[in-house]
Every structure is written in structure tokens, then in C-alpha cells.
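Asks: give me a model of this one.
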Amino acid sequence: MQLIVTAISKDYGPVAAVRQVSFQINSGNIFALLGPNGAGKSSIIRMLVGMTRPDSGSILVSHQDQHYDHVPRRLLGYLPEDRGLYPDKSIEKNLLYLAQLHGLSKQQALKEMAHWLDVFELTDRRLEDLKQLSKGNQQKVQLIAAVLHQPALVILDEPFSGLDPINQEKVVTFLKALKARGMTVILSAHQMAMVEKLADHMLLMAQGKAILSGTLADIQQQAGPQRQIHISCAGPVTAEQLQQWLPELDIELLTANRFVLRLSAGQSVSATLKRLVNELELTQVEMQSADLHQLYLTAMAEHQRREQA
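Replies: Sure thing, here's the model as predicted:
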């Protein structure tokens, strides 16, 4: 499975939902669509699955020497933004029905179902009606329903929604298992820490445009050489004091004696530390690259600044 998207655009009346967006996804990769609400992620997903068509540009899906202009239903596993199972039916009946719609025999469906129910620790609850489950467990059933038929491509819109941290980690394990099976995964999510663990490639969007794209290393390079300095000091310090001493820096106070400095290109680490040493007794200094969450915030702020200019 390979997917090549070339300069697609989509308007809804006066609203430009997607503007000249291009990307490529190779077989067996996990690809993340990132951006705030209204960025255009769902519009792209709808075009990929054939619910709508691009106004311009092209989508090419290649699988086993066959080519399509969207992902065919038989190759697709889809977790939509608006969930839709049958609350008055049991987990087992929901999953059997959906699996058989995808052409699985009852025997095949039961075998796959047993595996994934065990992964999500729902085996003992398979005969319970869906409405008896918590939102988190209903979400797990939705995820199982998307992959029972072993699709070539899985599209998951907010797969971590409604899950506590423990179950978010279960979804991380689930997604890694899909990749190990050779499935290609597209996910749209706001949980940057989860995405950073998973995604081979990612596309960061704002207002319908592609802002940054590539691997995490690519995005770190595109966003500029921003560095983070994690500092501990012997005594307490306030955010006001730090801002007074280093007014040009982005500063985050973590505790009374721990804080983070974020430096952009042209801002000297040594000069910054020299100024701090004159004011504080530093006990620990650690350099770190910006994580995906900070890169995301920085890219959004820079995009907004350019649009206003």
C-alpha cells in the first residue's frame, strides 16, 4: 500500500478547508496528521476515504499493482470522528456484525475478535451490551471494529479520545501491533507525547495549509534549531525574576527552583548561562532538543505571526 497526495485543495463555500497539501505514505508506516481544530485534518480524511473529492490536485492509492483515486472500502479500516456502534447489542454481536459486513466468515471473525479482546482486556465482558461499558471501553471496541478484517490501511480519527493514560498506552501498543502486521496507519490526534512515540512521518497543519512535514528529526530541523535548557538552582526563584534577568527568552517555571529556558537561533547558551550565574547558584544544567509538543506550539505561533503580517 502506497498513498501519494499531490497539491489537493478543498473549499466549502467561502471557506478554504485544504490548500495545496501534498504528502506521501509508504506501506507499513504510521503517519500522523496534526493541527488544531479547523486545520483541515478531517477534510483530508474525508477525501482519502472517498466521502468527498478534491477540488484540485490528486490522490493516488497503489496496492498490489492496482491504482485508485481514494482508499477502496475493502482495503480500509476507519475509526471516524463521530463514533457509531449499537449500544443495545453486546460487544460480540457488534463486532461479528461489522466483521461480516467486511466479508469475514463467522469463524474468522471470532478468531480475530478473541485476539483483540484479549489485547484490550475485554474478553470477560464480550457478552455485555455496549451501553454498559465506560466511554473508554466503548472506544476500545471501536478500535477493534476498525481492524477485525485486517485492512491494508487504517485511518483513526482521535484514537486516544476518552482514554485515561493507562489505556492510552494500550492504544500505543495496539498501533505498534498493527504496524508489525504490515498495516499502514494514518492517525489524527492532539496527544503529542503519544504521536512522538509512534509516528514515522507527520504533517503539521494550520488553516488548511501544510506547515511542517517529515520525520520528527525533519520537523525539528524545519522548525529551527530551538534548544531547551533545563536548570535547577539552590534557592527559590520566581518567574518575574527570571523574566527580568532574561527578558528576550521563553521561560517556563516548573517548581520554585527548577525552570526551562528556550533559545532560538542566534541566542547564545554560554552568554545566557553567564548572566544567570551572576544571579543564581545553579546546581544542574541539562540541554535538550524541543519535544513535539513545543515544536507544535512554536510552529503555530510562527504561522499566526506570518499570517498577521
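
Asks: enumerate every residue touching G235.
Replies: By C-beta atoms under 8 Å, 6 or more residues apart in numbering, the contact list for G235 reads 257, 280-281. C-beta here means a position set from N, CA and C on the backbone, and glycine is covered the same way.

Asks: same question, D129
Replies: With C-beta under 8 Å, 6+ apart, D129 has these contacts: 87-90.

Asks: against L101, how distant is it?
Replies: Counting by C-beta to C-beta, to the nearest Å, the gap from D129 to L101 is 20 Å.

Asks: if I look at the residue located most distally from the centre of the chain, how far off is S232?
Replies: Residue farthest from the centre of the chain, counting by C-alpha atoms, centre = their mean, is N278 at 42.3 Å. With distances taken as C-beta to C-beta, N278 is found 17 Å from S232.

Asks: ok, for S62, nearest residue in space, not its chain neighbours?
Replies: Q2 (4.6 Å; C-beta to C-beta, 6 or more residues apart in numbering).

Asks: the one you found touches I25, doesn't it?
Replies: Yes. Shown here, Q2 and I25 form a contact pair, counting by C-beta atoms under 8 Å, at 7.1 Å.

Asks: any stretches of the stretch 151-300 of the chain with poor pLDDT?
Replies: In the predicted model, the stretch 151-300 of the chain carries pLDDT under 70 at residues 223-226, 265.

Asks: what ranges do the helices span in it?
Replies: Counting by DSSP state H, counting those that start in this stretch, the segments of the stretch 151-300 of the chain that form helices are 165-180, 192-198, 216-222, 239-245, 269-277, 292-308.

Asks: out of those, which one sits most buried?
Replies: Highest mean neighbour count among the helices of the stretch 151-300 of the chain (mean count of other C-beta atoms under 10 Å): helix 192-198, with a mean of 18.

Asks: so which elements touch it?
Replies: Other helices and strands packing on helix 192-198, by 3 or more C-beta pairs under 8 Å, 6 or more residues apart in numbering; DSSP states H and E, are strand 30-34, helix 165-180, helix 292-308.

Asks: again, 6 Å this time
Replies: Contacts defined by 3 or more C-beta pairs under 6 Å, 6 or more residues apart in numbering; DSSP states H and E place helix 192-198 against helix 165-180, helix 292-308.

Asks: show the contacting residues for the residue nearest the centre of the chain.
Replies: With distances taken as C-alpha atoms, centre = their mean, the residue of the chain nearest its centroid is A189 (3.6 Å). The contact partners of A189, by C-beta atoms under 6 Å, 6 or more residues apart in numbering, come to 160, 195.

Asks: change it to 7 Å
Replies: If you count contacts by C-beta atoms under 7 Å, 6 or more residues apart in numbering, A189 has them with 32, 158-160, 195.

Asks: neighbour-wise, which of Q2 and I25 wins?
Replies: I25 (22 against 14; other C-beta atoms under 10 Å).

Asks: that one is in contact with M1, isn't it?
Replies: No. The criterion here is C-beta atoms under 7 Å, and I25 misses it with M1 at 8.1 Å.

Asks: overlap in contacts, those two.
Replies: Residues within reach of I25 and of M1 at once, by C-beta under 7 Å, 6+ apart, are T184.

Asks: touching, the residue nearest to S62 and N26? I think so.
Replies: Yes. Applying C-beta under 7 Å, one finds Q2 in contact with N26, separated by 5.8 Å.

Asks: correct me, but S62 touches I25?
Replies: No. Using C-beta under 7 Å, S62 is not in contact with I25; the gap is 10.8 Å.

Asks: endpoint to endpoint, stretch 272-291 covers what distance?
Replies: 21 Å (C-alpha to C-alpha, to the nearest Å).

Asks: are any of the contacts of D129 buried, and which?
Replies: Burial by neighbour count, 16 or more other C-beta atoms under 10 Å: within the contacts of D129 this picks out S90.

Asks: wait, which of the contacts of D129 is closest to A180?
Replies: Distances from A180 to the contacts of D129, taken as C-beta to C-beta, are shortest for S90 (29.1 Å).

Asks: can you tell me which of the helices and strands packed on helix 192-198 is nearest to A39?
Replies: Judging the helices and strands packed on helix 192-198 by C-beta to C-beta, what sits closest to A39 is helix 292-308, at 9.4 Å.
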